[in-house]
Structure formats: structure tokens, C-alpha cells
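S.K.: Can you look at this prediction? I've put the sequence above it.
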Amino acid sequence: LPDEEADDPNNDHCEVCGYGGGLICCDFCPCAFHEECLDGMAVPPPPETWRCPSCVGCMEKLVDAYLVRNPMDIAQDADFCDLCGGKEDVGTLAHCTRCETRSFHFG
């Protein structure tokens, strides 16, 4: 790995969809996001710093918007939410049909 990749503290996957690719990285935590997964959230150009949805407390709203835009099935076998860790008895979980490994509270 080049030195710059080895020193990168940010995740290599999007916190919303779970996929890699061209990501926008938070300056305050390891979270990273695709621009399209930010659902129009403004990101200032460098050298300005940026606080991600997780840092500013709007991650749940962002994930809900993603679930509405992307096809999901209601999970039959999921037992926890990938975002909050809550169990299915806390609310209905939606299971991602694209990656088949992530579930989220929906609605």
C-alpha cells in the first residue's frame, strides 16, 4: 500500500450503503460516504473541515432516505439493526437486497 493509504484513518466503505468506491471522508471520525448517499447534504470543499451525518446526529434520517430510494425487503431473519444495534422487537427491520448482509429499522 502507498503510504497515504496506510495512513488513512477513514473506512473504505460507505456508512449508508456499505459499498466502496469514491468516498467523502469525515474529518472528525472514521466514517466515509458516497456523495449520492448523502442525499444532498452539503460538503464544503477542502481545506474546510466537514462533520459527517454520524457526527451531527442525522444518520438515521439519511439511512431512512436511502431505504426509500433503494429496493428493500422486510427482513424475516435479521435480528438487529446495523445502524443502532436495536433488536427487531424495537421496530420493523428492512433487509438490504443488494448486499444481503445489512438490516436497518425502517419507518
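M.R.: Received the coordinates, thanks. Bear in mind that the values here come from a model prediction, so they are computed numbers and not experimental data.
S.K.: Just name the shakiest helix or strand of the protein by mean pLDDT.
M.R.: In the chain, no helix or strand scores lower on mean pLDDT, DSSP states H and E than strand 72-74, which sits at a mean of 45.
S.K.: For this protein, just list every one of the helices.
M.R.: For the chain, applying DSSP state H gives helices covering 3-6, 53-56, 59-69.
S.K.: What ranges in this protein fall below the confidence cut-off?
M.R.: Applying pLDDT under 70 to the chain picks out residues 1-6, 71-79, 83, 85-91, 95-101, 106-107.
S.K.: returning to what we had before: could you dump the helices of the chain into TSV with distance to E15 added?
M.R.: The way it works is simple: take the backbone N, C-alpha and C, and place the C-beta from them, glycine included. Listed next are the helices of the chain as TSV, based on distance: least, CB to CB, whole Å:
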stretch	distance to E15
helix 3-6	19
helix 53-56	6
helix 59-69	7
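S.K.: Alpha carbons of stretch 31-41, in CSV - could you do that?
M.R.: Output in CSV follows, covering the C-alpha atoms of stretch 31-41 (Å, rounded to 0.1, in the frame of the first residue of the first chain):
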residue,chain,number,x,y,z
CYS,A,31,-16.9,7.4,8.6
ALA,A,32,-17.0,7.8,4.8
PHE,A,33,-19.9,8.3,2.4
HIS,A,34,-20.7,8.3,-1.3
GLU,A,35,-21.8,11.7,-2.5
GLU,A,36,-25.1,10.3,-3.7
CYS,A,37,-25.7,8.5,-0.4
LEU,A,38,-25.5,11.9,1.4
ASP,A,39,-28.9,12.8,-0.1
GLY,A,40,-28.0,16.4,-1.0
MET,A,41,-26.1,17.1,2.3
